[in-house]
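Student: got a sequence here, can you model it:
(2 chains)
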Amino acid sequence: AQSVTQLGSHVSVSEGALVLLRCNYSSSVPPYLFWYVQYPNQGLQLLLKYTTGATLVKGINGFEAEFKKSETSFHLTKPSAHMSDAAEYFCAVTLPPGTYKYIFGTGTRLKVLA
Amino acid sequence: DVKVTQSSRYLVKRTGEKVFLECVQDMDHENMFWYRQDPGLGLRLIYFSYDVKMKEKGDIPEGYSVSREKKERFSLILESASTNQTSMYLCASSPPRGTGAYNEQFFGPGTRLTVL
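Tutor: Numbers count the residues shown, from 1 in each chain, chains lettered A, B, ... in the order given. Take a look at the predicted model:
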């Protein structure tokens, strides 16, 4: 069965430190991959997505993610955390590519320490 | 910008009540979705609709029904609310195939439902 795993339900980083949020998937075919962010009391907002082409994808607010097929991973990074990055982050896939149904990970709550 | 609105941000209902959650999108999107979000479980799909009057069950449809009479509006119905339906409910929409963003979903702000 297809699945998405986000390692670490809570991650804390210091302001200015590297942010690394992990996402691994299992799939029989290469999926489309997404990262969404949810700020407190809001809906989800797309950060970035990978469909085809370049495996390093840049998104909004300085985030990027790299699709590594050999590792079945799509980890989210940001070189320098800002207080405003505190939120919950969700990795999602569509399987097979291009269908409407998402499979979401369970989310990682990012805390940024001053 | 796409706007997805939900009728209530917070809702408190009693066990056994019939509950309607409304979602409206203003971008002429074909596809609309209802999810529930629970801590540690992420988002789980309840129902989705790919056209007016068309619907398909998601992963957890039990205890829910939906209605899509107009393209812009997708309603989630709890026929007889129970305490285990206390949750955050998120509506989303996505454009049709052939558009650049067809595999993206645009979310509303959510409705936090408490069933007492």
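
Student: which residue does chain B have closest to chain A?
Tutor: B:F107 (3.4 Å; C-beta to the nearest C-beta). Yep, even glycine has a C-beta here, placed from its N, CA and C like the rest.

Student: dump the residue contacts of B:G108.
Tutor: Applying C-beta atoms under 8 Å, 6 or more residues apart in numbering or on different chains, we find B:G108 in contact with A:G43, B:V4, B:T5, B:Q6, B:C23, B:L90, B:C91, B:A92.

Student: what is the burial count for the first one?
Tutor: I take that to be A:G43. Using other C-beta atoms under 10 Å in any protein chain shown, A:G43 has 21 neighbouring residues.

Student: ok, now the second one?
Tutor: As a burial measure, B:V4 scores 24 neighbours (other C-beta under 10 Å).

Student: thinking it is in contact with B:V24, fair?
Tutor: Yes. At 7.4 Å, B:V4 counts as touching B:V24 under the criterion of C-beta atoms under 8 Å.

Student: on that earlier part again, is the residue of chain B closest to chain A bridged to anything, and to what?
Tutor: B:F107 has these beta-bridge partners by DSSP bridges: B:A92.

Student: and the helix or strand containing A:C91, which strands flank it?
Tutor: Using DSSP states H and E, A:C91 falls within strand A:87-94. Counting by DSSP bridges, the strands paired with strand A:87-94 are strand A:32-38 (antiparallel), strand A:102-104 (antiparallel), strand A:108-113 (antiparallel).

Student: which residues touch B:P95?
Tutor: B:M27, B:D28, B:H29, B:E30, B:N31, B:A101, B:Y102, B:E104.

Student: tell me the phi and psi of the residue of chain A found nearest chain B?
Tutor: With C-beta to the nearest C-beta, the shortest gap between chain A and chain B falls at A:G43, namely 3.4 Å. Phi and psi for A:G43, reported as degrees, to the nearest 10, are phi -80, psi -170.

Student: surely it touches B:V4?
Tutor: Yes. Counting by C-beta under 8 Å, B:V4 is a contact partner of A:G43 at 7.2 Å.

Student: thank you, goodbye.
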